[in-house]
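> Quick one: sequence plus predicted model below, questions after.
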Amino acid sequence: AGASPVAAVLDDLTDLALDHEQADGPRVRAASAAARIDKEQTAVRLRPLAFDPGDDPADEIRAAALAACWPEQISVDELFAALTPAKRPNFIGGYSVLVPQLPARLHDDDLAAALGWIAGRLAGQPKTASFEQGREMLERVLPRAWHSSRRSELIAQIAAVLHRLIAADDHDVDFLDAAESPADEAARHELASALIDVAATDSQALHISHLSARGGGLVRPADLQWLLQQEGRADGGTAIRWQVLIRSAFRVGDPCDAELAWKQQGSRVWREVLHGWFDPVELDSDGVRELRRDHDRANRAWKPRHDPARRAALLADLARLLRAAETRQDSDAFWQLCTLMRADPDNPGASTSWDDDLTSLPGYRFFDNEDRSRLATAASCFLSDSSPHEEDWLDNATILDYRPLAGYLALALLERETSDALDRL
């Protein structure tokens, strides 16, 4: 008996799709129609087109063949081998629709092959079509891999992919969650360790700390104790990379971090990373002078903009606060005055760092002799009337209270300008 009419039509459509001598338009339509009629039968014959579609200027023949054949007729390795960079990246058609959908259709068993293919793409030169194709697939596959049931088996491959990304000076990929379980935290630590093992430079180590920043980050402030433990166990070369992560995670204003850091006294990480936050420095030392020069250079980098209204408002505020502090109208006026004196009325945006000498601040130069005498009176009043309010800030490194700082500045001012005033307090 002859073939059924449907089978005959199916054969004709498939023959047309396979005929490399025909134009690509009719071949694409024929392959798509055949797959809609009978995907199972069509896939067997269309399989070669997934790897060699012939003249296929917009990748539409390849897309039709892949859609028909995967996963029944081609393996996941073959699928990724068939994914070539789009010939027309801005063309919206079957290929541009199919490729982004593939990660969602992968099984957990397919993820290793996907990560291997991505690593191969990212091994090329950045900004090339092949690299960008791998980069786009990474955005979709990595979250799948991280949340899959086989994550522990994939850590090494995830690290290889991310290392390739970091080597291209890139870390902008998100796959983590800010809220995590203990298992998530353990896996994140394992991944960070794997990346440290392959990091070749301090810059690459710093990229590790910024991975998945919008999802909480691969390295987080809460990891400090773990990071210190890893650094303590590491050899010299690897320890330097861990020290980069410790610098990134350490929060100098956090009491718990400060306590952890303090316990490292005498250790390698204390000498190389932490001691500078705790060691006393001489205010007239070379290091401090260099820091001041750096700050001054940064301030000079600002281009002053003449703003008469802003200048007049700032000078008026200085005069108001000086008057209120001198006459004891406002108990907060003196410390607010000290803060405002750091601003430069003639250089918007610039702000001088704290010094123990009020007379060195920009606002001081706008005081005449009478104002400067009144400033000393205001300092004396503040010392007489105010208190350190230590109950508000002592033992809480997250609070910066300007009142005790203003008291110190007042003492320093009186010592320099009118030492007899100290005797009258």
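Yep, it's here. Numbering: from 1, shown residues only.
> Quick check, Glu390 in contact with Pro404.
Yes: with contacts counted by CB atoms under 8 Å, Glu390 reaches Pro404, the gap being 7.4 Å. Placement of C-beta: from N, CA and C, glycine included.
> okay, these two: which has more neighbours?
Pro404 (17 against 11; other CB atoms under 10 Å).
> what's whichever helix or strand the more buried one is part of packed up against?
In this structure, Pro404 sits in helix 402-417 according to DSSP states H and E. Packing partners of helix 402-417 (3 or more CB pairs under 8 Å, 6 or more residues apart in numbering; DSSP states H and E): helix 333-340, helix 369-385, helix 419-424.
> winner for burial among these?
When you average the neighbours per residue for each of the helices and strands packed on helix 402-417 (mean count of other CB atoms under 10 Å), helix 333-340 leads with a mean of 22.
> which residues sit against that helix?
Identification of contacts with helix 333-340 by CB atoms under 8 Å, 6 or more residues apart in numbering yields 314, 317-318, 321-322, 324-325, 358, 361, 363, 375, 378-379, 381-382, 386, 402-403, 405-406, 409-410.
> Measure how it sits relative to helix 402-417, angle-wise.
Following axes from the mean of the first three to the mean of the last three CA atoms, to 10 degrees, one obtains 80 degrees for the angle between helix 333-340 and helix 402-417.
> Render the CA-only coordinates of helix 333-340 in CSV, please.
Extracted in CSV, the C-alpha atoms of helix 333-340 (Å, rounded to 0.1, in the frame of the first residue of the first chain):
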residue,chain,number,x,y,z
ALA,A,333,25.6,75.3,68.6
PHE,A,334,29.3,74.8,69.4
TRP,A,335,29.7,71.3,68.0
GLN,A,336,27.5,72.2,65.0
LEU,A,337,29.8,75.3,64.5
CYS,A,338,32.9,73.0,64.6
THR,A,339,31.4,70.8,62.0
LEU,A,340,30.4,73.6,59.7
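> Quick one, which of the helices and strands packed on helix 402-417 gets closest to Gln41.
For those, the distance to Gln41 is smallest for helix 333-340, at 80.6 Å, taking CB to CB.
> quick one, that closest one and helix 369-385 angle?
Using the same axes, to 10 degrees: helix 333-340 against helix 369-385 is 130 degrees.
> Rounded mean pLDDT for helix 333-340, please.
Per-residue pLDDT over helix 333-340 has a mean of 90.
> And stretch 182-199, by the same measure?
Mean per-residue pLDDT for stretch 182-199: 95.
> Tell me how far it lies from the chain's centre.
Centroid displacement of stretch 182-199 relative to its chain, using CA atoms, centre = their mean, to the nearest Å, is 17 Å.
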